[in-house]
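Engineer: missing the sequence, but the structure's below:
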């Protein structure tokens, strides 16, 4: 049964009575009455209804902070009791961006579920900023990510390294230039780890300055990395499209719409194609660690520990042979 506290918190999360009512499967008048009852008991308004979206009053800020503390205590108690049950019950909430959720979580979940089949698992796909917000509020227990994080709030556990590659439609004339052709690689070369060899020359991004690019938009770690790579090359790319997902960039580049930047992990897992050729990229930004992230302060359940241990044991940290597992 939901309490008045739950109704108030839902309104605050949605910043809207109507959206919260839809989420809770209540009529808006019923939800409004429940919130007003809490405000009457408190003796002060919680929401400033004159502003859109809804804002908290000073009393409301104190109330929401108290509710979040109560939720944390309840969650810690539930987790502790679940641990006492010896992992025969309980839940684990996982998160990742579309790329990480599709490339890494399936094998992690399979390995964990074989050991702990009675633990209920849920997966949330979102952008990195939202995932870290949910991790901070303990809506999520563990996320898979790569890139920038707040070290004061989160502990990271690296388990895999992947490498950025320039992916160029094979039909483009630029691939035939003498300065470029020496570094050209096919998918088979990536699978063989040839892109990690110093024998393969690194081709400057400047060689492709006049071409159309397909890049990931703001909010993605790849946006930050590609922006830095182009800055280091000394030019601004001609961006034909900004996209949200790495796999979308792969498919569009494969159709010849533009050049993009992919990871060797995606190249190894995506459908085989000769429609793209690949080039090595230079600099620290072209190498990234993938990690599990957990909240630093908070109760770490046995289910969380079990997932971390099974996941870290699953992947070979040296990814010189591409994405693979010990099994």
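Structural biologist: Structure received. From a predicted model like this one, the values you see are computed outputs, not experimental measurements.
Engineer: Surely residue 151 forms part of a strand?
Structural biologist: No - checked against DSSP: H, G, I helix; E, B strand; the rest coil, residue 151 lies outside a strand; its state is coil.
Engineer: Return the set of buried residues in the lowest-mean-pLDDT helix or strand in the chain.
Structural biologist: Sorting the helices and strands of the chain by mean pLDDT, DSSP states H and E puts helix 58-84 at the bottom, at a mean of 86. Using 16 or more other Cβ atoms under 10 Å as the test for burial, helix 58-84 gives 60, 63-64, 67, 71, 75, 79, 82-83. (C-beta placed from N, C-alpha, C; glycine too.)
Engineer: Make CSV from these and add distance to residue 245 to it.
Structural biologist: What follows is the buried residues of helix 58-84, written out as CSV (distance: Cβ to Cβ, whole Å):
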residue, distance to residue 245
60, 37
63, 38
64, 33
67, 35
71, 32
75, 31
79, 33
82, 34
83, 37
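Engineer: Determine the next helix or strand in the C-terminal direction from the least confident helix or strand of the chain.
Structural biologist: Helices and strands here follow DSSP states H and E; after helix 58-84, the next one along the chain is strand 91-96.
Engineer: hmm, back to that, what packs against the least confident helix or strand of the chain?
Structural biologist: Helix 58-84 is packed against helix 4-14, helix 302-314, with contacts defined by 3 or more Cβ pairs under 8 Å, 6 or more residues apart in numbering; DSSP states H and E.
Engineer: okay, those in TSV with distance to residue 249 next?
Structural biologist: Below are the helices and strands packed on helix 58-84 laid out as TSV (distance: least, Cβ to Cβ, whole Å):
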stretch	distance to residue 249
helix 4-14	32
helix 302-314	26
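Engineer: mean pLDDT for those helices: which is lowest?
Structural biologist: In terms of mean pLDDT, the lowest-scoring of the helices and strands packed on helix 58-84 is helix 302-314 (a mean of 90).
Engineer: In the stretch 201-327 of the chain, where is pLDDT below threshold?
Structural biologist: Counting by pLDDT under 70, the stretch 201-327 of the chain has low-confidence residues at 316-327.
Engineer: do the stretch 1-150 of the chain as well
Structural biologist: For the stretch 1-150 of the chain, the stretches with pLDDT under 70 are 1, 83-89.
Engineer: at 80 what do you get?
Structural biologist: The model of the stretch 1-150 of the chain has pLDDT under 80 over residues 1-2, 79-90, 147.
Engineer: Measure how buried residue 252 is and give me the count.
Structural biologist: 17 (other Cβ atoms under 10 Å).
Engineer: do the one 10 residues further on as well
Structural biologist: Here the count is done by other Cβ under 10 Å, and residue 262 has 23 residues near it.
Engineer: Show me where the stretch 101-250 of the chain has its helices.
Structural biologist: Assigned by DSSP state H, counting those that start in this stretch, the stretch 101-250 of the chain shows helices spanning 105-115, 128-136, 178-181, 187-191, 221-233, 246-254.
Engineer: got the buried residues for the third one?
Structural biologist: To tie it back to what came earlier, the one meant is helix 178-181. Residues residue 180 are the ones in helix 178-181 that count as buried (16+ other Cβ under 10 Å).
Engineer: next one: stretch 170-177
Structural biologist: Under 16+ other Cβ under 10 Å, the buried positions of stretch 170-177 are 170, 172, 174-175.
Engineer: for stretch 269-280, same thing?
Structural biologist: Buried residues in stretch 269-280, counting neighbours by 16+ other Cβ under 10 Å, are found at 270, 276-280.
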